[in-house]
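S.K.: Okay, structure incoming, though there's no sequence with it:
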């Protein structure tokens, strides 16, 4: 299993504001969040479509909302082998966000994990860490009244 994890803070907002945002966000709000980097975001029932740049790499796909604890946690599954977990903790400064990507196969499929490491390379890991640290604090400007 491959795990990428980054923690940052969104100043002046709560975890509930963040979960609500992710459940109602559309292309317009997603693009306003980070123009030129965030391209598309659509929710239809429990399905999500997302398209964005992480560093130089374009990352897009369709996932399924697998778990929701309003104000605390969102979990999306992508292709059955990637989970994106967003955990929120309210603090006096704002919501602390822990963004975790878990990728890997189960059972004998674990033998294919080295191929995932090619895609989730050290360069991509650095780009994702930087992306999350820049991306989430920007939400304060989008969600602030």
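M.R.: Sure, I can see it. Here the structure is a predicted model, which is why all the values come from computation and not from measurement.
S.K.: what about the chain, any weak spots by pLDDT?
M.R.: Low-confidence segments of the chain, defined by pLDDT under 70, span residues 145.
S.K.: what about the longest helix in it?
M.R.: Among the elements of type helix in the chain, defined by DSSP state H, the one spanning the most residues is helix 122-143.
S.K.: quick one: buried residues of that one?
M.R.: For helix 122-143, a neighbour-count test (16 or more other CB atoms under 10 Å) marks 124-125, 127-129, 131-132, 135-136, 138-140, 142-143 as buried. For the C-beta atoms, the positions are set from N, CA and C on the backbone; glycine is no exception.
S.K.: quick one: contacts of that helix?
M.R.: Residues from elsewhere that reach helix 122-143 (CB atoms under 8 Å, 6 or more residues apart in numbering): 4, 6, 8-13, 17-18, 21, 29, 32-34, 37, 54-57, 94, 97, 99, 101.
S.K.: could you flag which of those residues are buried?
M.R.: Neighbour-count burial (16+ other CB under 10 Å) is assigned, among the contacts of helix 122-143, to 4, 6, 8-10, 13, 17-18, 21, 33-34, 37, 54, 94, 97, 99, 101.
S.K.: which ones among the residues you listed are found in helices?
M.R.: 17-18, 21, 33.
S.K.: can these go into TSV with extra columns for distance to residue 72?
M.R.: Shown next, in TSV, are these (distance: CB to CB, whole Å):
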residue	distance to residue 72
17	12
18	10
21	14
33	21
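S.K.: Out of those residues, name the two that are farthest from one another.
M.R.: Spatial extent of these (CB to CB) is set by the pair 17 and 33 at 13.1 Å.
S.K.: distance between the ends of stretch 49-58?
M.R.: Stretch 49-58 has its terminal residues 13 Å apart, counting by CA to CA, to the nearest Å.
S.K.: Over to stretch 46-60?
M.R.: 17 Å.
S.K.: in it, what counts as buried?
M.R.: Applying a neighbour-count criterion of 16+ other CB under 10 Å, the buried positions in stretch 46-60 are 48, 50-54, 59.
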